[in-house]
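sequence and predicted structure are below.
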Amino acid sequence: MNNPYEEIYQKIMELSQAKGYATFDYLPDDEQGYPFVFVGEQDNTDQYTKGRVLGSTDIQVHVYAEFDHRSDVTAIMNDLLATVASNHETPHFRYQVVNSTSKMLGDQSTGIDLWHGLLTLTIQYL
């Protein structure tokens, strides 16, 4: 059986890579240059109806760049939002972005100052 949540996650990975962004489904090691995209956490909600199951997923897309490249982080987040929202299909499902939130965080976890952009996409599959 095909899993809509996994297909949506993989679609976001593919779209980000197609835009030319270094994209990972894990946090890469310190050797990775900036900026990069990490398609991370995912929360899924099923809604059972009389005839079928519908659902939505919240996927967090993280964008990291060095501290003096804040505009790169916001540009990548905006580009990914527009790209994912304008695509509506995985191999077996149709979907639509129904909500998004974004946040900018200072990050010093690597020993250098970084911007950490967090884009949360709420996506329903049809």
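Arrived safely, thanks for sending.

can you tell me how far the residue of the chain most remote from its centre is from Arg70?
What lies farthest from the middle of the chain is Lys50; by CA atoms, centre = their mean that is 31.2 Å. Taking CB to CB, to the nearest Å as the measure, Lys50 falls 49 Å from Arg70. In short, each C-beta sits where N, CA and C put it, glycine included.

go on, Trp115?
Distance, Trp115 to Arg70, by CB to CB: 5 Å.

overlap in contacts, the two.
Met104 (CB atoms under 8 Å, 6 or more residues apart in numbering).

and the next element down the chain from the top helix by length along the chain?
In the chain, taking DSSP state H as the definition, the longest helix is helix 70-86. Counting by DSSP states H and E, the next helix or strand C-terminal to helix 70-86 is strand 95-107.

can you list the buried residues in the helix or strand harbouring Phe38?
Using DSSP H and E, Phe38 sits in strand 36-48. Buried positions in strand 36-48, judged by neighbour count with 16 or more other CB atoms under 10 Å: Phe36, Val37, Phe38, Val39, Gly40, Gln42, Asn44.

quick check: bridge partners of the second one?
Beta-bridge partners recorded for Val37 (DSSP bridges): Thr23, Val63.
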